[in-house]
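**Q** need a 3D model of the sequence below.
(2 chains)
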Amino acid sequence: MFIRRSCVALASTIAFLLPGCAAYAPPYPWEKGELAQPQMQFDADALDAKIGQHIYTSKEAAAGGYGVGGGGCGCN
Amino acid sequence: MNLHIRLLGTVALSLAALGSGGAWGVAVGEQPPAFALPDARGEIVTLSQFRGQVTYVDFWASWCGPCKRSFPWMNALQRRYGEHGLVIVAVNVDKKRADAERFLQQIPANFRVVFDAAGVTPLAWAVGAMPSSYLIDGEGKVTAVETGFFDERKGLVEEHIRSLLRVP
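**A** This is a model prediction of the structure:
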């Protein structure tokens, strides 16, 4: 009985919390000012990351599918 | 209250734009949503005041790299075609005005710059990237949409402006 009740409680908690995920909307292109800051980049140094990626792709003989250019403005 | 209704209207409009045809944003052949935004001196600039003139509306931000490269080019456009009737309006979308002012100190603009920190205009126009520019003819219709700033497209846009202005 107790297990069943806690299962129902858990399920209803999940059901209650899940719609919160649906409310997520990515920022519009003109709202990406904070994302464009240097401290928001994954790589500390863009050139270093580029060179590293070049070495990786040539060694693996495969290219593409890795990252995007630019600073979060969605322009290139 | 009034602003509230206007905001709601803007959202509804952009949602409608999204719903129809599935295209994102103001498209070629359409009449873009109107705006009334303050310039650096606080004077209100409206889109409708340039009706009858070829207008180049550019959305930019201080944190956007390509925008930085586009300003000298737009300055050159203004120098070359300003006397032929070209109007350039650059809509700044920075949240902090000081950021935009710092940018403008580094790269002064010889065309109109207006400020929309709330982002109402880019939402209404459903701007898809930074920068985005719209070339509008004398009848107030969009004749070209440029998303992003690419050196290889500069000539094309200039050619388009020339043809609208009837400059040989």
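
**Q** so residue B:45, which of the three states?
**A** Of the three states, residue B:45 takes strand according to DSSP: H, G, I helix; E, B strand; the rest coil.

**Q** wait, doesn't it sit right on residue B:91?
**A** No. Applying CB atoms under 8 Å as the test, residue B:45 and residue B:91 come out as separate, 9.4 Å apart. For the C-beta atoms, the positions are set from N, CA and C on the backbone; glycine is no exception.

**Q** which of these two has more neighbours?
**A** residue B:91 (27 against 18; other CB atoms under 10 Å in any protein chain shown).

**Q** so residue B:152 versus chain A, what's the distance?
**A** Residue B:152 is 12 Å from chain A, where distance means CB to the nearest CB, to the nearest Å.

**Q** neighbours of that residue, just the number please.
**A** Residue B:152: 6 surrounding residues under other CB under 10 Å.

**Q** now it: which helix or strand?
**A** helix B:151-165 (DSSP states H and E).

**Q** please apply the same query to residue B:143.
**A** If you go by DSSP H and E, residue B:143 is part of strand B:142-147.

**Q** contacts for that strand, please.
**A** Strand B:142-147 is contacted from outside by A:75, B:25-32, B:128-129, B:132-137, B:153, B:157, B:160, B:164, using CB atoms under 8 Å, 6 or more residues apart in numbering or on different chains.

**Q** hmm, 7 Å instead?
**A** Strand B:142-147 is contacted from outside by B:26-30, B:32, B:128-129, B:132-137, B:153, B:157, B:160, B:164, using CB atoms under 7 Å, 6 or more residues apart in numbering or on different chains.

**Q** neighbouring strands for it, and are they parallel or not?
**A** Its sheet considered, strand B:142-147 pairs with strand B:132-136 (antiparallel) by DSSP bridges.

**Q** these two touch, right, residue B:97 and residue B:116?
**A** No. With contact defined as CB atoms under 7 Å, residue B:97 does not count as touching residue B:116 (10.8 Å).

**Q** tell me which of those two has more neighbours.
**A** The neighbour comparison of residue B:97 against residue B:116 (other CB under 10 Å) goes to residue B:116, with 19 against 13.

**Q** look up how far residue B:123 lies from that one.
**A** Look at residue B:116 and residue B:123: by CB to CB, to the nearest Å, they are 9 Å apart.

**Q** ditto for residue A:28
**A** For residue A:28 relative to residue B:123 (CB to CB), the value is 7 Å.

**Q** of the two, give the one with the bigger neighbour count.
**A** Taking other CB under 10 Å, residue A:28 and residue B:123 do not tie; residue B:123 has more neighbours (20 against 16).

**Q** quick check: pLDDT value at that one.
**A** pLDDT recorded at residue B:123 is 95.

**Q** quick check: which element contains it?
**A** helix B:120-125.

**Q** list, one by one, the residues from chain B near chain A.
**A** B:59, B:61, B:63-66, B:93-95, B:119, B:122-123, B:127-130, B:148 (CB under 7 Å from any CB of the partner chain).

**Q** filter those down to just the ones in strands.
**A** residue B:59 (DSSP state E).

**Q** now the residues of chain B next to chain A: which count as buried?
**A** Neighbour counting with 16 or more other CB atoms under 10 Å in any protein chain shown marks B:59, B:61, B:63-66, B:93-94, B:119, B:122-123, B:127-130, B:148 as buried within these.

**Q** among the residues of chain B next to chain A, which are in helices?
**A** Within the residues of chain B next to chain A, residues falling in helices by DSSP state H are B:65, B:66, B:122, B:123.

**Q** check contacts around the residue nearest to the second one when sequence neighbours are not counted.
**A** Right, the one you point to is residue B:66. Closest residue in space to residue B:66, ignoring its immediate chain neighbours: residue B:149 at 3.9 Å, by CB to CB, 6 or more residues apart in numbering or on different chains. Contact analysis of residue B:149 by CB under 7 Å, 6+ apart lists B:66, B:67, B:69, B:70, B:131.
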